[in-house]
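1. Based on what follows, work out the 3D shape:
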Amino acid sequence: MALDEPGDKDEVFDDRELTYIIEKELYEKVKPIKVDYVDSYMGAGFDISSSLNMGATCGSSCSC
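-> Here you go, the predicted structure:
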């Protein structure tokens with residue numbers, strides 16, 4: 001995950017007062033995508049999963 005501005009090749013989604021941007025080509029390969037924020041004994045961060053089970057957990061300093 002990274003902060004970015006949308007471009008011509010991006011898909012833009014708004015959910016729960018957040019805006020998500022993903023490349024259209026990548027989105028077609030991995031949709032649907034689910035983004036959750038988790039806080040557990042192992043730490044806190046974003047949990048990103050898709051229908052392809054490409055799950056990644058990102059803390060505050062990740063670059064996934």
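2. can you tell me how far the residue lying farthest from the centre of the chain sits from Lys34?
-> Note on the chain: the largest C-alpha distance from the chain mean falls to Tyr41, namely 21.8 Å (CA atoms, centre = their mean). Between Tyr41 and Lys34 the distance is 22 Å, computed by CB to CB, to the nearest Å. For glycine as for every other residue, the C-beta is placed from the backbone atoms N, C-alpha and C.
3. cool, Phe13 as well?
-> Per CB to CB, Phe13 is found 12 Å from Lys34.
4. How about Ser51?
-> For Ser51 relative to Lys34 (CB to CB), the value is 9 Å.
5. now do Ala44
-> For Ala44, the distance to Lys34 - CB to CB - is 17 Å.
6. Make sure Ala2 is indeed in a strand.
-> No - remark: Ala2 does not belong to a strand; assigned using DSSP: H, G, I helix; E, B strand; the rest coil, it is coil.
7. tally of neighbours for it?
-> 7 (other CB atoms under 10 Å).
8. Please apply the same query to Ser49.
-> The criterion is other CB under 10 Å. On that basis, Ser49 has 16 neighbouring residues.
9. ok, back up a step: okay, the residue farthest from the centre of the chain: pLDDT?
-> In this model, Tyr41 is scored at 93, pLDDT.
10. mind listing what it touches?
-> Contact partners of Tyr41, counting by CB atoms under 8 Å, 6 or more residues apart in numbering, are absent.
11. Same question for the host helix or strand of Phe46: list its buried residues.
-> Phe46 belongs to strand 43-50 when assigned by DSSP states H and E. Residues of strand 43-50 classed as buried: 45-46, 48-50 (neighbour count, 16 or more other CB atoms under 10 Å).
12. swap in stretch 26-44?
-> Within stretch 26-44, the residues that count as buried by 16+ other CB under 10 Å are 27, 33, 35.
13. out of those residues, which are inside strands?
-> When DSSP state E defines the strands, the subset of those inside them is 33, 35.
14. Could you dump the buried residues of strand 43-50 into JSON lines with pLDDT added?
-> Output for the buried residues of strand 43-50, formatted as JSON lines (pLDDT from 0 to 100):
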{"residue": "Gly45", "pLDDT": "92"}
{"residue": "Phe46", "pLDDT": "86"}
{"residue": "Ile48", "pLDDT": "86"}
{"residue": "Ser49", "pLDDT": "87"}
{"residue": "Ser50", "pLDDT": "85"}
